[in-house]
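**Student:** My questions concern the predicted model and sequence given below.
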Amino acid sequence: MSMRMLSQLAHVELLTPTLERSTTFFTDVLGLEESGRTDQSVYLRCWGERFHHSVKLTQGPRTGVGHIGWRSDGQDGLDEAVRRIEASGVTGEWLDDETGHGPAYRFRAPSGQLHEVFWEVDRWEAPAELASTFPSRPQKLGTRGCALRQIDHISVPSVADLMPTTEWFRDTLGFRFMEYTVLDEEPFFTMLSTNERAHDLGLIRDTSGIPGRFHHVAFWVDEPSALYRACDALLEAGATLEYGPGRHGMGEESYFYTRDPSGLRIEVMSGGRRNYEPDWAPVKWTPPEGSLDFYRNSTPPDSILEIFPPDPDAAGFATSNPWE
């Protein structure tokens, strides 16, 4: 059993070469609210989120992930997380001037991506026209576009060996190791969670040697019917569905995948299992057992293997853009 140090995935910074087009897609089509802006970045949040932002879109030369932000489970959790990170041999730095939260410790995990952990947060205050009559909600029910309620998870490739990296997140930061898929008996995808979700961090085996790559970020809607409504909204806006709708075996969530105008992959999810067992043993899956497709009758497109930035030496890993 791991000590709980982190409470949740708080935000992700996504890099896009088409900042304004991506911003329009996230606000008008996905239904997020803009909560701040600088010359190079736009901060966004879903209608059901209380923090300042869950997405930071930043202008960059190509699609990818800038950093991943985790909120700690209190100041003691933050202090212990930093102690353990440094004890593992990873050296980071403190940042004091971040938008939306207090001091953050930023470090590069063995998987290759930049992560940060923090405790203090700025909470978003709804203007009068968005204020909800329900005191537990940060704003009125979202109705624009897909009306995504909250961020759910992020999946990224691991430039280091997959299982040792998975165990590093478990042993160093207290993640729960939930489930994993093997291909030819080699682990290919692992799922870790800071809470009762099936996962809020997915790790994918990557032999490219390119650090800091990105596969997808996922958002939550309340019900499967809302997921199908989101499909309608995307298609009416001219987007395409890359894969799904369907249902995963791992986690048992309903899902579909789409792309933003820069090619960034976004998953929309609903349903699924909740797990509260502190001594849960990781479950092993194979694709024929339905790890990706619960109903065992759907084959994902080749494009689902695309990772950002692409590996120029690997066929099938070039980034395509369905909007072009």
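**Tutor:** Okay, I see it. Computed from a predicted model, the values in this text were never measured in an experiment. Numbering: from 1, shown residues only.
**Student:** Look at M163 and give its secondary structure.
**Tutor:** Going by DSSP: H, G, I helix; E, B strand; the rest coil, the secondary structure assigned to M163 is helix.
**Student:** just the one 5 residues further on next, same as before
**Tutor:** Under three-state DSSP, the three-state class of W168 is helix.
**Student:** tell me the contacts of it?
**Tutor:** Shown in contact with W168 (Cβ atoms under 8 Å, 6 or more residues apart in numbering): 88, 109-110. C-beta here means a position set from N, CA and C on the backbone, and glycine is covered the same way.
**Student:** can you check E49 too?
**Tutor:** E49 neighbours (Cβ under 8 Å, 6+ apart): 124, 138, 149-151.
**Student:** Need the three-state assignment for it.
**Tutor:** Per three-state DSSP, E49 ends up coil.
**Student:** any idea how far it is from S136?
**Tutor:** 13 Å (Cβ to Cβ, to the nearest Å).
**Student:** One more: M269?
**Tutor:** Taken as Cβ to Cβ, the span from M269 to S136 is 22 Å.
**Student:** Of the two, which one has the most company?
**Tutor:** M269 (23 against 7; other Cβ atoms under 10 Å).
**Student:** The more buried one sits in which helix or strand?
**Tutor:** strand 265-271 (DSSP states H and E).
**Student:** List the strands paired with whichever helix or strand comes after that strand, with their directions.
**Tutor:** Sequence-wise, the next helix or strand downstream of strand 265-271 (DSSP H and E) is strand 283-285. Take DSSP bridges as the rule and strand 283-285 pairs in its sheet with strand 176-183 (parallel).
**Student:** Buried residues of stretch 113-132, list them for me.
**Tutor:** For stretch 113-132, a neighbour-count test (16 or more other Cβ atoms under 10 Å) marks 113-119, 121-122, 124 as buried.
**Student:** gap between the two ends of it?
**Tutor:** 37 Å (Cα to Cα, to the nearest Å).
**Student:** Centre of the chain to stretch 199-207, how far?
**Tutor:** 11 Å (Cα atoms, centre = their mean, to the nearest Å).
**Student:** tell me the mean pLDDT over that stretch?
**Tutor:** Confidence over stretch 199-207 (mean pLDDT, whole number) is 96.
**Student:** which residues of this protein score low on pLDDT?
**Tutor:** 1, 314-324 (pLDDT under 70).
**Student:** at 90 what do you get?
**Tutor:** 1-3, 97-98, 160, 184-185, 309-324 (pLDDT under 90).
**Student:** who does the strand holding M269 pair up with?
**Tutor:** When DSSP bridges is applied, strand 265-271 pairs with strand 216-220 (parallel), strand 253-259 (antiparallel).
**Student:** Just put those in TSV and tack on distance to K56 and mean neighbour count.
**Tutor:** Below are the strands paired with strand 265-271 laid out as TSV (distance: least, Cβ to Cβ, whole Å; neighbours: other Cβ atoms under 10 Å):
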stretch	distance to K56	mean neighbour count
strand 216-220	11	22
strand 253-259	19	23
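**Student:** Which one of the ones you listed lies nearest to G100?
**Tutor:** strand 216-220 (16.9 Å; Cβ to Cβ).
**Student:** which residues sit against the closest one?
**Tutor:** Contacts for strand 216-220 (Cβ under 8 Å, 6+ apart): 12, 14, 30, 46, 55, 146, 148-155, 255, 257, 264-270.
**Student:** Mind doing that once more with 6 Å?
**Tutor:** 12, 148-155, 265, 267-269 (Cβ atoms under 6 Å, 6 or more residues apart in numbering).
**Student:** distance between it and the chain's centre?
**Tutor:** On Cα atoms, centre = their mean, the centre of strand 216-220 falls 5 Å from that of its chain.
**Student:** what do you get for stretch 271-281?
**Tutor:** 19 Å.
**Student:** Just the C-alphas of that stretch, formatted as PDB.
**Tutor:** In PDB, the C-alpha atoms belonging to stretch 271-281 read as follows (Å, rounded to 0.1, in the frame of the first residue of the first chain):
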ATOM      1  CA  GLY A 271     -19.200   5.800 -16.800                       C
ATOM      2  CA  GLY A 272     -16.700   3.200 -15.600                       C
ATOM      3  CA  ARG A 273     -15.700   1.600 -12.300                       C
ATOM      4  CA  ARG A 274     -14.600   3.200  -9.000                       C
ATOM      5  CA  ASN A 275     -12.100   1.400  -6.800                       C
ATOM      6  CA  TYR A 276     -11.500   2.200  -3.100                       C
ATOM      7  CA  GLU A 277      -9.300  -0.900  -2.200                       C
ATOM      8  CA  PRO A 278      -6.000   0.300  -0.700                       C
ATOM      9  CA  ASP A 279      -4.400  -3.200  -1.300                       C
ATOM     10  CA  TRP A 280      -5.600  -3.600  -4.900                       C
ATOM     11  CA  ALA A 281      -3.400  -5.900  -7.000                       C
END
